[in-house]
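> Could you work out the structure for the sequence below:
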Amino acid sequence: MTKALDLSRIDELKENAYSNIESYNDPDTPNALAEFTSQIKAVLLADPKLLDSVPEYLPIALYEQVKFPSEAKLKWAHWIKEGIQPEWDDFKTTVAFNKPDLPLVLAVRAHSETLLIESCIVLFLLSNDNVATSTSKEKDDSDYDEEEEGYYDQFDEEEDEL
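You can find the predicted model right below:
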């Protein structure tokens with residue numbers, strides 16, 4: 001059964017995350033965002049339940065660390081346009097997490113799979129200039145390389161360990 005996305009929640013998460021990201025994106029302190037996201041990752045890994053009160057921290061923590069393969073971008077745009085929350089099996093094949101972030105991703109998934117998916121939707125919107133309604137081929141993501149070191153789908157292996 002298809003689960004509907006709460007698009008107003010997605011918009012709120014996106015706006016809150018973007019505001020925080022922009023506040024740390026200061027040319028005078030170029031490492032501020034990286035330091036902040038590093039701290040957030042450590043705190044959230046220790047206690048993912050904090051996301052109940054500050055859900056926008058997950059997209060901030062994973063900002064620019066999640067890749068969306070070119071061939072999956074049409075699926076993401078379709079899901080968002082139609083307001084459909086992807087099923088886990090579809091979701092995990094359309095997103096690539098940075099290897100060091102996998103412990104956080106797995107901890108968040110154990111706490112709230114829906115929040116992990118919503119956060120990735122926010123990241124998709126932020127990384128693709130809010131493109132969610134295009135039915136044509138999305139722009140090529142030349143930064144994505146399936147063999148790129150550190151990015152791979154390890155969910156099947158990690159799920160066995162859970």
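> Show me the contact partners of the longest helix along the chain.
If you go by DSSP state H, the chain has its longest helix at helix 7-24. With contact meaning Cβ atoms under 8 Å, 6 or more residues apart in numbering, helix 7-24 is reached by 32-33, 36, 55-57, 59-60, 63, 80, 83, 118-119, 121-122, 125-126. Bear in mind the C-beta positions are built from the backbone N, C-alpha and C, glycine included.
> if I look at K73, how far off is P86?
Counting by Cβ to Cβ, to the nearest Å, the gap from K73 to P86 is 13 Å.
> err, L51, not the other one
Taking Cβ to Cβ, one finds L51 at 19 Å from P86.
> if we can go back for a sec, and the contacts of helix 7-24, which of them are in strands?
Of the contacts of helix 7-24, none are assigned to strands by DSSP state E.
> I'd like to know which of the residues you listed are buried.
With burial judged by 16 or more other Cβ atoms under 10 Å, the buried subset of the contacts of helix 7-24 is 33, 36, 55-57, 59-60, 63, 80, 118-119, 121-122, 125-126.
> just so I have it, where are all the helices in this structure?
Assigned by DSSP H, the helices in the chain fall at 7-24, 32-46, 57-61, 70-82, 88-91, 102-111, 113-127, 155-161.
> got a list of what S119 touches?
Residues counted as contacts of S119 (Cβ under 8 Å, 6+ apart) are 13, 55, 58-59, 62, 108.
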